[in-house]
Structures are given as structure tokens and as C-alpha cells.
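Participant: sequence unknown, structure follows:
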């Protein structure tokens, strides 16, 4: 089965977004990242910042069970916490895009899970902590005394959102088609390797 869609999960500060854009440019594909959050926010009539904060408050299964048992008359979707509603809406939007576009690149948003049945080439980008902190300071403009803390919180948010909504482990490298260390390879080479692996894989699926 050909894998026409590329999904990228990435550690904070690993350069996953930059690598995704470079890959999209090299392949001539559409690129989606924060646009998914913005499209969801527009559809819901809520600010992107508010929806993003909802992802930080993903409930545990125990708390979710308590919520449902305390409100038996409410419908399933009405009873869902906002973080779950965000995931459902983002999933719908991502699938709508997949219906319109055969090939594109999606960064984050549990893309490898949502698009699994459509045949996606899944990538995981990681890097050494010191390099991630350096990028956060130099490229993201984060104060030096806060960079490490923000990095850890961002990773925890991404990991929790992914694990809870997919039932899988975000950092389990066995769950991806390709894993790359951007500290060792650099952004440009990572993009080139993704392109080569993507093209070579699909050429063998004729």
C-alpha cells in the first residue's frame, strides 16, 4: 500500500516544524501544522489560544469515568471534556483534508493515528536536550532561564494529548516509519532523508 501522506510528531525544539516545511517544499506538497488548530477554533468560534490550553488539560480515564457516571442523562459527546472535543473536531478536519488532497504533510495533532488507515508515512523527530534548549532560545525567542522548563512542559503536553487520544506511546519509536535525530543530522538532511525514504517506499509499492 502506498503511503501518500507524511505525518510528523516531534519533540519541542527538535525542529520538526522546520523540517516539515522543508520536506513539503522539496516534494511540492501542502503543509499543515497550526492551521489545523486555527481551523478548529474558527469552526468552534473559540480562540486558538483557548483550544491550545485545553490540550494541556487532558483528563485521565478515571476522571472521565467519574464525569460520565455523574451525568448519565447527558449525551456522550456532551459529556466529553473540551480536550476530547478538540481532538474529535481536529480529527474531522484532518480527514476532510485527506478526502480533498491525496498527499500532504501534517505536523502534530496525532496525525499518524488519525490517518493510519489512509496510509501515512509517519516520522518522529527528536534531538538532544541541550540542542533543543538552544533552539528555543535562539529561534523561538524564549528567555534562557525559562527555556528548559517550557521545553519539558511542551513535551509533556504533547505526550499526554497523544497517549490519551490514541492509546499509544508518543515516544515509542517502533510506532513510526522513520525516526530521525535532528541534533546529529540537521534540519536540511532530515528533510532530504524523509523525501528519499518516502519516494523509495512508494516506488516499491507498485
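Facilitator: All right, it came through fine. Quantities reported herein were computed from a predicted structural model and do not represent experimental measurements. Residues are numbered from 1 along each chain as shown.

Participant: center of this structure - which residue?
Facilitator: residue 108 (1.1 Å; CA atoms, centre = their mean).

Participant: Now residue 118. Nearest residue, chain neighbours left out?
Facilitator: For residue 118, the nearest residue in space outside its immediate sequence neighbours is residue 98; the separation is 5.4 Å by CB to CB, 6 or more residues apart in numbering. For glycine as for every other residue, the C-beta is placed from the backbone atoms N, C-alpha and C.

Participant: For the one you found, grab the count of nearby residues.
Facilitator: Using other CB atoms under 10 Å, residue 98 has 21 neighbouring residues.

Participant: Quickly find the element holding it.
Facilitator: Take DSSP states H and E as the rule and residue 98 turns out to sit in helix 82-100.

Participant: hmm, who's touching the helix or strand just after that helix?
Facilitator: Per DSSP H and E, the first helix or strand lying C-terminal to helix 82-100 is strand 104-107. Residues external to strand 104-107 that are found in contact with it (CB atoms under 8 Å, 6 or more residues apart in numbering): 5-8, 10, 16-17, 20, 23-24, 27, 29-33, 36, 94, 97-98, 115.

Participant: Helix, strand or coil: sort out residue 168 for me.
Facilitator: In three-state terms, and counting by DSSP: H, G, I helix; E, B strand; the rest coil, residue 168 is coil.

Participant: pretty sure the residue nearest to residue 118 is touching residue 117, no?
Facilitator: No: the pair residue 98 / residue 117 is not scored as a contact, 9.8 Å apart, by CB atoms under 8 Å.

Participant: Out of the helices and strands in the protein, which is least certain?
Facilitator: Comparing every helix and strand of the chain by mean pLDDT, DSSP states H and E singles out helix 61-70 as the least confident one, with a mean of 41.

Participant: okay, and for the chain, where does confidence drop off?
Facilitator: 1, 54-84, 206 (pLDDT under 70).

Participant: rerun that using 50 as the cut-off
Facilitator: Within the chain, the set of residues satisfying pLDDT under 50 comprises 60-76.

Participant: So which residues of it form strands?
Facilitator: Counting by DSSP state E, residue ranges of the strands within the chain are 5-10, 30-32, 104-107, 120-126, 178-181.
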